[in-house]
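**Q** got a structure for you, letters missing:
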């Protein structure tokens, strides 16, 4: 379950549009919310996945400030990953 707080005016408009599209029965708000979330996720994914340039250089730049070598880093990540599972 997800709880969110939105402005009253936005909520009123959302409810009105959800009921117009999906009817006044049970589940219309859930259907509309799911559709809205999926559209938002899709737009953000498209925005975040846009990458220009050399990915190797980008990763190299991200790791530049880490004071350990790549092999040590791989071992640390493996240990952290195993602890998670």
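**A** Happy to help now that I have it. Predicted model, so just to flag it, every value in this text is computed and none were measured. Residues are numbered from 1 along each chain as shown.

**Q** off-centre distance for the least confident helix or strand in the chain by mean pLDDT?
**A** None of the helices or strands of the chain scores lower by mean pLDDT, DSSP states H and E than helix 55-63, at a mean of 76. For helix 55-63, the separation from the chain centroid amounts to 23 Å (computed by CA atoms, centre = their mean, to the nearest Å).

**Q** which strands and helices sit next to that helix?
**A** Using 3 or more CB pairs under 8 Å, 6 or more residues apart in numbering; DSSP states H and E, no helix or strand is in contact with helix 55-63. Where C-beta positions appear, they are placed from N, C-alpha and C, glycine not excepted.

**Q** any idea which helix or strand comes after that helix?
**A** Next helix or strand after helix 55-63 toward the C-terminus (DSSP states H and E): helix 70-84.

**Q** name the nearest residue to residue 36, sequence neighbours excluded.
**A** The shortest distance from residue 36 to any non-neighbouring residue, by CB to CB, 6 or more residues apart in numbering, is to residue 14 (7.7 Å).
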